[in-house]
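K.L.:
Need a 3D model of the following:
(2 chains)
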Amino acid sequence: MNDFVQLWVYLASTPLFGLTATLVVYVVASAVYERFARAPWANPVLWSVVILGILLLATHTAYPVYFAGAQFIHVLLGPAVVALAWPLWQRRAELRRRGVALTIAALVGGSSAAGASVALGWAIGLPGDVLRSLAPKSVTSPVAMGIAERIGGVPALAAVFAIVTGIVGALSAKYLFNSLRINSWAVRGFALGTTSHGIGAARALQVDAEAGAYAGIALGLQVLFASLLLPLAFLLF
Amino acid sequence: MNVLRGLAVLLVFQAIGETLAHALALPFPGPVIGMLLLIPALRVPRLCEPVKSAAEALLGHLSLLFIPVGVGVITHLDMISNYGARLLVVIVVSTWMGMAVTAVLLNILLRKATFSGTSE
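P.N.:
Numbering: from 1, shown residues only, chains lettered A, B, ... in the order given. Prediction:
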(Lines give C-alpha, C1' and ligand atoms only; values in the text may rest on other atoms or scores of the structure.)
Protein backbone atom coordinates (compact mmCIF):
# COMPACT_ATOMS: atom_id res chain seq x y z
CA MET A 1 0.00 0.00 0.00
CA ASN A 2 2.79 2.35 0.96
CA ASP A 3 4.55 1.54 -2.31
CA PHE A 4 1.38 2.37 -4.16
CA VAL A 5 1.10 5.73 -2.43
CA GLN A 6 4.70 6.51 -3.31
CA LEU A 7 4.16 5.49 -6.90
CA TRP A 8 1.08 7.70 -7.09
CA VAL A 9 2.93 10.66 -5.57
CA TYR A 10 5.68 10.17 -8.14
CA LEU A 11 3.31 9.84 -11.11
CA ALA A 12 1.09 12.72 -10.01
CA SER A 13 4.08 15.06 -9.84
CA THR A 14 5.30 14.45 -13.41
CA PRO A 15 3.84 16.32 -16.38
CA LEU A 16 2.72 12.93 -17.69
CA PHE A 17 -0.16 12.93 -15.19
CA GLY A 18 -1.90 16.14 -16.29
CA LEU A 19 -1.55 15.34 -19.97
CA THR A 20 -2.71 11.73 -19.67
CA ALA A 21 -5.59 12.51 -17.33
CA THR A 22 -6.88 15.30 -19.60
CA LEU A 23 -6.75 13.18 -22.75
CA VAL A 24 -8.21 10.03 -21.20
CA VAL A 25 -11.07 11.88 -19.49
CA TYR A 26 -11.84 13.83 -22.67
CA VAL A 27 -11.82 10.70 -24.86
CA VAL A 28 -14.23 8.97 -22.47
CA ALA A 29 -16.45 12.08 -22.15
CA SER A 30 -16.57 12.39 -25.95
CA ALA A 31 -17.53 8.74 -26.32
CA VAL A 32 -20.38 9.26 -23.84
CA TYR A 33 -21.42 12.41 -25.75
CA GLU A 34 -21.58 10.40 -29.00
CA ARG A 35 -23.47 7.63 -27.23
CA PHE A 36 -26.20 10.10 -26.21
CA ALA A 37 -26.46 11.40 -29.78
CA ARG A 38 -24.62 14.64 -28.90
CA ALA A 39 -27.29 15.81 -26.48
CA PRO A 40 -26.39 19.30 -25.21
CA TRP A 41 -26.36 18.22 -21.54
CA ALA A 42 -23.70 15.58 -22.26
CA ASN A 43 -21.25 18.33 -23.34
CA PRO A 44 -17.73 16.86 -23.15
CA VAL A 45 -16.08 20.10 -21.94
CA LEU A 46 -18.48 20.36 -19.01
CA TRP A 47 -18.06 16.75 -17.88
CA SER A 48 -14.29 16.66 -18.45
CA VAL A 49 -13.84 19.77 -16.29
CA VAL A 50 -16.10 18.37 -13.56
CA ILE A 51 -14.42 14.94 -13.51
CA LEU A 52 -10.86 16.34 -13.61
CA GLY A 53 -11.72 18.91 -10.93
CA ILE A 54 -13.08 16.20 -8.62
CA LEU A 55 -10.05 14.01 -9.38
CA LEU A 56 -7.61 16.80 -8.44
CA LEU A 57 -9.50 17.68 -5.25
CA ALA A 58 -9.86 14.04 -4.21
CA THR A 59 -6.17 13.30 -4.72
CA HIS A 60 -5.02 16.63 -3.23
CA THR A 61 -3.19 17.44 -6.44
CA ALA A 62 -2.41 21.16 -6.80
CA TYR A 63 -3.65 22.84 -9.99
CA PRO A 64 -0.14 23.99 -11.07
CA VAL A 65 1.04 20.36 -10.86
CA TYR A 66 -1.83 19.31 -13.13
CA PHE A 67 -1.24 22.24 -15.47
CA ALA A 68 2.45 21.31 -15.88
CA GLY A 69 1.18 18.43 -18.03
CA ALA A 70 -2.05 19.94 -19.34
CA GLN A 71 -0.20 22.96 -20.73
CA PHE A 72 0.85 20.84 -23.71
CA ILE A 73 -2.81 20.83 -24.74
CA HIS A 74 -3.32 24.44 -23.66
CA VAL A 75 -0.59 25.82 -25.96
CA LEU A 76 -2.52 24.54 -28.98
CA LEU A 77 -5.16 27.23 -28.38
CA GLY A 78 -2.82 29.73 -30.08
CA PRO A 79 -2.48 27.87 -33.40
CA ALA A 80 -6.19 26.96 -33.16
CA VAL A 81 -7.08 30.67 -33.19
CA VAL A 82 -4.76 31.17 -36.21
CA ALA A 83 -6.41 28.13 -37.83
CA LEU A 84 -9.74 30.00 -37.87
CA ALA A 85 -8.32 31.67 -40.96
CA TRP A 86 -9.25 28.48 -42.83
CA PRO A 87 -13.07 28.50 -42.34
CA LEU A 88 -13.02 32.25 -43.00
CA TRP A 89 -11.05 31.80 -46.25
CA GLN A 90 -13.32 28.95 -47.31
CA ARG A 91 -16.39 31.18 -47.05
CA ARG A 92 -14.80 34.41 -48.26
CA ALA A 93 -17.30 35.01 -51.08
CA GLU A 94 -20.26 34.62 -48.74
CA LEU A 95 -18.54 36.78 -46.14
CA ARG A 96 -17.93 39.58 -48.58
CA ARG A 97 -21.62 39.51 -49.50
CA ARG A 98 -22.91 39.34 -45.94
CA GLY A 99 -20.08 41.31 -44.34
CA VAL A 100 -22.10 44.35 -43.29
CA ALA A 101 -24.93 42.34 -41.72
CA LEU A 102 -22.49 40.09 -39.85
CA THR A 103 -20.46 43.03 -38.56
CA ILE A 104 -23.57 44.81 -37.26
CA ALA A 105 -24.89 41.64 -35.61
CA ALA A 106 -21.50 40.92 -34.01
CA LEU A 107 -21.17 44.46 -32.65
CA VAL A 108 -24.71 44.73 -31.28
CA GLY A 109 -24.90 41.15 -30.03
CA GLY A 110 -21.46 41.17 -28.44
CA SER A 111 -22.04 44.47 -26.66
CA SER A 112 -25.44 43.36 -25.37
CA ALA A 113 -23.92 40.19 -23.89
CA ALA A 114 -21.03 42.09 -22.28
CA GLY A 115 -23.23 45.04 -21.23
CA ALA A 116 -25.89 42.79 -19.72
CA SER A 117 -23.34 40.84 -17.70
CA VAL A 118 -21.74 43.97 -16.24
CA ALA A 119 -25.09 45.67 -15.55
CA LEU A 120 -26.63 42.58 -13.93
CA GLY A 121 -23.47 41.86 -11.94
CA TRP A 122 -23.38 45.45 -10.71
CA ALA A 123 -27.08 45.32 -9.77
CA ILE A 124 -26.58 42.30 -7.52
CA GLY A 125 -23.49 43.80 -5.92
CA LEU A 126 -20.53 41.91 -7.36
CA PRO A 127 -17.13 43.49 -6.56
CA GLY A 128 -15.46 45.65 -9.22
CA ASP A 129 -12.66 43.28 -10.16
CA VAL A 130 -15.19 40.46 -10.64
CA LEU A 131 -17.25 42.73 -12.93
CA ARG A 132 -14.16 43.56 -14.97
CA SER A 133 -13.42 39.85 -15.29
CA LEU A 134 -17.01 39.21 -16.41
CA ALA A 135 -17.00 41.75 -19.24
CA PRO A 136 -14.87 39.74 -21.74
CA LYS A 137 -16.65 36.45 -21.02
CA SER A 138 -17.96 36.08 -24.58
CA VAL A 139 -14.43 36.13 -25.99
CA THR A 140 -12.42 32.93 -26.34
CA SER A 141 -10.61 32.27 -23.04
CA PRO A 142 -6.97 32.99 -23.99
CA VAL A 143 -8.03 36.39 -25.38
CA ALA A 144 -10.48 37.02 -22.51
CA MET A 145 -7.59 36.64 -20.07
CA GLY A 146 -5.58 39.27 -21.91
CA ILE A 147 -8.49 41.72 -22.06
CA ALA A 148 -9.31 41.21 -18.35
CA GLU A 149 -5.72 42.01 -17.46
CA ARG A 150 -5.84 45.23 -19.47
CA ILE A 151 -9.12 46.47 -17.92
CA GLY A 152 -8.22 45.62 -14.31
CA GLY A 153 -9.92 42.23 -13.90
CA VAL A 154 -8.46 38.91 -12.77
CA PRO A 155 -7.21 36.86 -15.79
CA ALA A 156 -7.80 33.46 -14.15
CA LEU A 157 -11.37 34.45 -13.24
CA ALA A 158 -11.99 35.76 -16.75
CA ALA A 159 -10.90 32.41 -18.19
CA VAL A 160 -13.28 30.54 -15.89
CA PHE A 161 -16.19 32.89 -16.73
CA ALA A 162 -15.45 32.48 -20.43
CA ILE A 163 -15.50 28.70 -20.11
CA VAL A 164 -18.76 28.73 -18.12
CA THR A 165 -20.31 31.10 -20.68
CA GLY A 166 -19.21 28.77 -23.46
CA ILE A 167 -20.76 25.76 -21.76
CA VAL A 168 -24.01 27.62 -20.93
CA GLY A 169 -24.37 28.63 -24.58
CA ALA A 170 -23.53 25.17 -25.90
CA LEU A 171 -26.04 23.60 -23.51
CA SER A 172 -28.96 25.94 -24.13
CA ALA A 173 -28.60 27.35 -27.66
CA LYS A 174 -30.72 24.64 -29.28
CA TYR A 175 -33.73 25.38 -27.04
CA LEU A 176 -33.34 29.16 -27.22
CA PHE A 177 -33.16 29.19 -31.04
CA ASN A 178 -36.05 26.75 -31.38
CA SER A 179 -38.24 28.89 -29.14
CA LEU A 180 -37.29 32.00 -31.17
CA ARG A 181 -37.97 30.07 -34.39
CA ILE A 182 -34.53 30.74 -35.79
CA ASN A 183 -34.09 28.01 -38.40
CA SER A 184 -31.13 29.16 -40.45
CA TRP A 185 -27.96 27.23 -39.56
CA ALA A 186 -25.86 30.26 -40.45
CA VAL A 187 -27.74 32.49 -37.99
CA ARG A 188 -27.82 29.86 -35.24
CA GLY A 189 -24.09 29.21 -35.55
CA PHE A 190 -23.25 32.91 -35.70
CA ALA A 191 -25.27 33.78 -32.59
CA LEU A 192 -23.79 30.86 -30.65
CA GLY A 193 -20.24 31.81 -31.66
CA THR A 194 -20.86 35.46 -30.75
CA THR A 195 -21.70 34.70 -27.12
CA SER A 196 -20.06 31.34 -26.52
CA HIS A 197 -16.84 31.61 -28.56
CA GLY A 198 -14.79 28.44 -29.08
CA ILE A 199 -16.91 26.12 -26.97
CA GLY A 200 -20.01 27.29 -28.82
CA ALA A 201 -18.16 26.92 -32.12
CA ALA A 202 -17.09 23.40 -31.17
CA ARG A 203 -20.72 22.53 -30.44
CA ALA A 204 -21.90 24.20 -33.68
CA LEU A 205 -19.29 22.27 -35.71
CA GLN A 206 -20.59 19.02 -34.26
CA VAL A 207 -24.16 19.84 -35.22
CA ASP A 208 -23.81 21.36 -38.70
CA ALA A 209 -20.86 22.36 -40.91
CA GLU A 210 -22.42 25.70 -41.96
CA ALA A 211 -23.31 26.55 -38.35
CA GLY A 212 -19.74 25.70 -37.37
CA ALA A 213 -18.22 27.96 -40.00
CA TYR A 214 -20.43 30.89 -39.00
CA ALA A 215 -19.63 30.28 -35.33
CA GLY A 216 -15.95 30.48 -36.28
CA ILE A 217 -16.53 33.77 -38.06
CA ALA A 218 -18.44 35.12 -35.05
CA LEU A 219 -15.68 34.02 -32.68
CA GLY A 220 -13.10 35.84 -34.81
CA LEU A 221 -15.18 39.03 -34.95
CA GLN A 222 -15.72 39.03 -31.17
CA VAL A 223 -11.98 38.69 -30.63
CA LEU A 224 -11.35 41.70 -32.88
CA PHE A 225 -14.11 43.95 -31.52
CA ALA A 226 -13.73 43.01 -27.85
CA SER A 227 -9.96 43.52 -27.80
CA LEU A 228 -10.48 47.00 -29.27
CA LEU A 229 -13.73 48.15 -27.68
CA LEU A 230 -13.80 46.71 -24.13
CA PRO A 231 -10.65 48.57 -22.97
CA LEU A 232 -12.14 51.73 -24.54
CA ALA A 233 -15.51 51.21 -22.82
CA PHE A 234 -13.85 50.76 -19.43
CA LEU A 235 -11.76 53.91 -19.96
CA LEU A 236 -15.01 55.87 -20.04
CA PHE A 237 -16.10 54.68 -16.58
CA MET B 1 2.70 14.99 -42.97
CA ASN B 2 0.37 17.66 -44.23
CA VAL B 3 -0.95 18.14 -40.69
CA LEU B 4 2.55 18.77 -39.35
CA ARG B 5 3.39 21.09 -42.22
CA GLY B 6 0.16 22.99 -41.58
CA LEU B 7 0.85 23.17 -37.85
CA ALA B 8 4.27 24.64 -38.65
CA VAL B 9 2.62 27.29 -40.85
CA LEU B 10 0.11 28.13 -38.10
CA LEU B 11 2.86 28.44 -35.49
CA VAL B 12 4.97 30.64 -37.76
CA PHE B 13 2.00 32.95 -38.33
CA GLN B 14 1.28 33.01 -34.59
CA ALA B 15 4.91 33.90 -33.93
CA ILE B 16 4.75 36.72 -36.49
CA GLY B 17 1.53 37.90 -34.84
CA GLU B 18 3.07 37.84 -31.34
CA THR B 19 6.12 39.71 -32.60
CA LEU B 20 4.04 42.41 -34.26
CA ALA B 21 1.73 42.72 -31.23
CA HIS B 22 4.73 43.27 -28.95
CA ALA B 23 6.80 45.44 -31.25
CA LEU B 24 3.93 47.78 -32.22
CA ALA B 25 2.02 47.52 -28.90
CA LEU B 26 -1.14 46.53 -30.83
CA PRO B 27 -4.36 45.97 -28.88
CA PHE B 28 -4.91 42.54 -30.50
CA PRO B 29 -3.53 39.26 -29.16
CA GLY B 30 -0.76 37.65 -31.27
CA PRO B 31 -2.81 34.69 -32.58
CA VAL B 32 -5.52 37.06 -33.85
CA ILE B 33 -2.98 39.07 -35.84
CA GLY B 34 -1.59 35.76 -37.11
CA MET B 35 -5.08 34.74 -38.25
CA LEU B 36 -5.62 38.05 -40.06
CA LEU B 37 -2.27 37.73 -41.84
CA LEU B 38 -2.90 34.10 -42.77
CA ILE B 39 -6.24 34.73 -44.55
CA PRO B 40 -4.75 36.51 -47.62
CA ALA B 41 -1.75 34.14 -47.57
CA LEU B 42 -4.08 31.18 -48.17
CA ARG B 43 -4.22 32.31 -51.80
CA VAL B 44 -0.98 30.33 -52.17
CA PRO B 45 -1.92 26.67 -52.79
CA ARG B 46 1.27 25.38 -51.13
CA LEU B 47 0.17 27.05 -47.89
CA CYS B 48 -3.53 26.39 -48.28
CA GLU B 49 -3.45 22.57 -48.48
CA PRO B 50 -1.38 21.93 -45.32
CA VAL B 51 -3.26 24.64 -43.38
CA LYS B 52 -6.53 22.97 -44.32
CA SER B 53 -5.37 19.63 -42.85
CA ALA B 54 -4.01 21.19 -39.65
CA ALA B 55 -7.06 23.45 -39.20
CA GLU B 56 -9.45 20.52 -39.58
CA ALA B 57 -7.46 18.52 -37.01
CA LEU B 58 -7.26 21.38 -34.50
CA LEU B 59 -10.77 22.78 -34.92
CA GLY B 60 -12.27 19.28 -34.90
CA HIS B 61 -11.09 18.88 -31.31
CA LEU B 62 -11.45 22.49 -30.24
CA SER B 63 -13.36 21.58 -27.06
CA LEU B 64 -10.38 19.59 -25.74
CA LEU B 65 -8.19 22.69 -25.77
CA PHE B 66 -10.39 24.53 -23.25
CA ILE B 67 -10.23 21.86 -20.56
CA PRO B 68 -6.86 22.73 -18.93
CA VAL B 69 -7.99 26.32 -18.25
CA GLY B 70 -11.48 25.16 -17.31
CA VAL B 71 -10.14 22.89 -14.58
CA GLY B 72 -8.61 26.07 -13.09
CA VAL B 73 -12.07 26.67 -11.63
CA ILE B 74 -10.93 24.60 -8.61
CA THR B 75 -8.55 27.40 -7.63
CA HIS B 76 -11.52 29.72 -7.19
CA LEU B 77 -13.82 27.52 -5.11
CA ASP B 78 -13.99 30.13 -2.31
CA MET B 79 -15.31 32.76 -4.69
CA ILE B 80 -17.75 30.28 -6.16
CA SER B 81 -19.16 29.42 -2.74
CA ASN B 82 -19.56 33.17 -2.05
CA TYR B 83 -21.06 34.32 -5.33
CA GLY B 84 -21.58 31.06 -7.26
CA ALA B 85 -25.36 31.04 -7.64
CA ARG B 86 -25.60 34.77 -8.36
CA LEU B 87 -22.71 34.60 -10.81
CA LEU B 88 -24.35 31.74 -12.65
CA VAL B 89 -27.60 33.71 -12.98
CA VAL B 90 -25.69 36.69 -14.38
CA ILE B 91 -23.81 34.51 -16.87
CA VAL B 92 -26.88 32.58 -18.01
CA VAL B 93 -29.13 35.63 -18.44
CA SER B 94 -26.51 37.75 -20.21
CA THR B 95 -25.55 34.86 -22.50
CA TRP B 96 -29.18 34.28 -23.48
CA MET B 97 -29.68 38.01 -24.09
CA GLY B 98 -26.59 38.16 -26.27
CA MET B 99 -27.60 35.09 -28.27
CA ALA B 100 -31.20 36.20 -28.73
CA VAL B 101 -30.23 39.74 -29.82
CA THR B 102 -27.60 38.44 -32.27
CA ALA B 103 -29.88 35.76 -33.76
CA VAL B 104 -32.96 37.94 -34.16
CA LEU B 105 -31.00 40.89 -35.56
CA LEU B 106 -28.99 38.81 -38.02
CA ASN B 107 -32.15 36.98 -39.12
CA ILE B 108 -33.78 40.31 -39.98
CA LEU B 109 -30.66 41.73 -41.66
CA LEU B 110 -30.12 38.67 -43.85
CA ARG B 111 -33.78 38.41 -44.80
CA LYS B 112 -33.87 42.07 -45.77
CA ALA B 113 -30.82 41.52 -47.96
CA THR B 114 -32.57 38.61 -49.66
CA PHE B 115 -35.78 40.54 -50.35
CA SER B 116 -34.06 43.56 -51.77
CA GLY B 117 -32.21 41.20 -54.08
CA THR B 118 -28.88 42.90 -53.58
CA SER B 119 -27.08 40.00 -52.06
CA GLU B 120 -28.59 36.55 -52.37
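K.L.:
When you work out contacts or count neighbours from here on, use the C-alpha atoms and nothing else.
P.N.:
Will do.
K.L.:
Can you say which helix or strand has residue 47 in it?
P.N.:
As the question left the chain open, I've gone with chain A. helix A:44-58 (DSSP states H and E).
K.L.:
To clarify, I was referring to chain B.
P.N.:
Element membership for B:Leu47 (DSSP H and E) is helix B:45-60.
K.L.:
rewinding a little: give me the helices and strands touching the helix holding A:Trp47, please.
P.N.:
With contacts defined as 3 or more Cα pairs under 8 Å, 6 or more residues apart in numbering or on different chains; DSSP states H and E, helix A:44-58 has these neighbours: helix A:15-35, helix B:62-65, helix B:67-71.
K.L.:
Show the average pLDDT along the second one.
P.N.:
Spelled out, it's helix B:62-65. Mean pLDDT, computed over helix B:62-65, is 85.
K.L.:
Contacts for the helix holding A:Trp47 next, please.
P.N.:
With Cα atoms under 8 Å, 6 or more residues apart in numbering or on different chains as the contact definition, helix A:44-58 has outside contacts at A:21-22, A:25-26, A:29-30, A:33, A:62-63, A:66, A:167, A:199, B:63-64, B:66-67, B:70-71, B:73-74.
K.L.:
Buried only: go through those for me.
P.N.:
A:21-22, A:25-26, A:29-30, A:33, A:63, A:66, A:167, A:199, B:63-64, B:66-67, B:70-71, B:73-74 (16 or more other Cα atoms under 10 Å in any protein chain shown).
K.L.:
How is chain A partitioned into domains?
P.N.:
Here the domain parsing of chain A from automatic domain parsing is A:2-75, A:80-235.
K.L.:
right, and those - which one's nearest B:Leu59?
P.N.:
Ranking the domains of chain A by their distance to B:Leu59 (criterion: Cα to Cα) puts domain A:80-235 first, at 6.4 Å.
K.L.:
list the buried ones in the helix holding A:Trp47?
P.N.:
So, applying 16+ other Cα under 10 Å, buried residues of helix A:44-58: A:44-53, A:56.
K.L.:
How about stretch A:70-78?
P.N.:
So, applying 16+ other Cα under 10 Å, buried residues of stretch A:70-78: A:70-71, A:73-74, A:76-78.
K.L.:
what helices or strands is the helix or strand encompassing A:Tyr214 leaning on?
P.N.:
According to DSSP H and E, A:Tyr214 maps onto helix A:209-235. Helices and strands touching helix A:209-235, as assessed by 3+ Cα pairs under 8 Å, 6+ apart, comprise helix A:85-90, helix A:92-123, helix A:141-151, helix A:185-207, helix B:30-41.
K.L.:
Could you dump the ones you listed into JSON lines and include distance to A:Gln222?
P.N.:
Putting these into JSON lines (distance: least, Cα to Cα, whole Å) gives the following:
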{"stretch": "helix A:85-90", "distance to A:Gln222": "14"}
{"stretch": "helix A:92-123", "distance to A:Gln222": "7"}
{"stretch": "helix A:141-151", "distance to A:Gln222": "10"}
{"stretch": "helix A:185-207", "distance to A:Gln222": "6"}
{"stretch": "helix B:30-41", "distance to A:Gln222": "11"}
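K.L.:
winner for burial among those?
P.N.:
helix A:185-207 (a mean of 30; mean count of other Cα atoms under 10 Å in any protein chain shown).
K.L.:
Is it positioned near chain B?
P.N.:
Yes. With Cα under 8 Å from any Cα of the partner chain as the measure, helix A:185-207 is seen reaching chain B through A:187-188, A:190-192, A:194-196, A:198-199, A:202, A:205.
K.L.:
And the helix ranked longest in chain B, what's buried?
P.N.:
Ranked by number of residues, the top helix in chain B under DSSP state H is helix B:77-116. Of the residues in helix B:77-116, B:86-88, B:90-107, B:109-110 count as buried by neighbour count, 16+ other Cα under 10 Å.
K.L.:
Now do it against helix A:92-123, angle only.
P.N.:
140 degrees (axes from the mean of the first three to the mean of the last three Cα atoms, to 10 degrees).
K.L.:
Distance to B:Ala15 and mean pLDDT added to the domains of chain A, as CSV?
P.N.:
Putting the domains of chain A into CSV (distance: least, Cα to Cα, whole Å; pLDDT from 0 to 100) gives the following:
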stretch, distance to B:Ala15, mean pLDDT
domain A:2-75, 13, 88
domain A:80-235, 10, 88
